[in-house]
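Engineer: generate coordinates for the sequence data below:
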Amino acid sequence: MEGVGQSCECATLGDFAVVGMGGDRRDERVFATLAEVAKHRGDAWWLYASRCSACGQDWMVAQEERIHDNFYLKRLAVAEMKLIEEQGTWPPDFLRFEDVIRLGPDHKQVARFFDTNDLTDTVKELMEARSDISASEISYLFVLSKREASRLMDRAARMSWKQLRPFA
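Structural biologist: You can find the predicted model right below:
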């Protein structure tokens with residue numbers, strides 16, 4: 001980050017933006033002037049707030065590198081950033097990981113997996129977070145057939161965390 005005087009990408013972003021990781025290097029341009037101000041202190045390990053060092057714009061950022069490799073940014077009002085900084089109160093947009101994953105398919109920015117078994121631990125996490133999640137919903141989130149989603153859900157239900165993450 002080069003600091004004040006550097007141009008930023010904030011004006012090119014809407015109030016909500018999807019920025020892919022890698023590829024055309026847009027992520028590098030967007031994040032060149034964004035500095036983390038606050039990290040979510042709860043279970044939302046993917047969530048933080050940043051401020052642009054060039055224009056002063058505040059952003060809430062969900063970093064989703066497990067599935068679709070996107071950053072999701074929401075432009076914050078001064079009052080919203082103040083609530084985050086002073087009270088740890090966050091806007092609800094990115095608080096559930098399931099909602100963050102859904103943003104990829106909702107905005108047609110998705111990843112494809114050669115080995116869908118790599119998704120088993122995230123499927124298990126989603127099933128534990130919401131026991132009534134359906135195969136259709138898993139299918140949508142991961143851009144899979146309903147049959148493949150059902151297979152992954154069965155696999156996730158059978159496997160322990162020790163089996164899924166033996167080195168954790």
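Engineer: for this protein, longest helix please?
Structural biologist: Assignment by DSSP state H gives helix 146-158 as the longest helix of the chain.
Engineer: the strand or helix carrying residue 37: how far from the chain's middle?
Structural biologist: Element membership of residue 37, judged by DSSP states H and E, is strand 34-39. Centroid separation for strand 34-39 versus its chain: 15 Å, with CA atoms, centre = their mean, to the nearest Å.
Engineer: stretch 161-168 now?
Structural biologist: From the chain centre to the centre of stretch 161-168 is a distance of 23 Å (CA atoms, centre = their mean).
Engineer: what's the end-to-end length of it?
Structural biologist: This stretch, stretch 161-168, spans 9 Å end to end (CA to CA, to the nearest Å).
Engineer: what lies in contact with that stretch?
Structural biologist: For stretch 161-168, contacts defined as CB atoms under 8 Å, 6 or more residues apart in numbering pick out 120-121, 124, 156. For glycine as for every other residue, the C-beta is placed from the backbone atoms N, C-alpha and C.
Engineer: so which of those sit within helices?
Structural biologist: If you go by DSSP H, the contacts of stretch 161-168 have 120-121, 124, 156 in helices.
Engineer: adding pLDDT, neighbour count and distance to residue 77, write the residues you listed out as a markdown table.
Structural biologist: Shown next, in a markdown table, are these (pLDDT from 0 to 100; neighbours: other CB atoms under 10 Å; distance: CB to CB, whole Å):
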| residue | pLDDT | neighbour count | distance to residue 77 |
| --- | --- | --- | --- |
| 120 | 92 | 19 | 39 |
| 121 | 91 | 17 | 36 |
| 124 | 94 | 21 | 37 |
| 156 | 94 | 20 | 39 |
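Engineer: all strands for the chain, in order.
Structural biologist: With DSSP state E, the ranges of strands along the chain come out as 16-20, 34-39, 47-52, 58-64, 70-76.
Engineer: which of these sits closest to residue 106?
Structural biologist: The minimum distance between residue 106 and the strands of the chain falls on strand 16-20, with 9.1 Å, by CB to CB.
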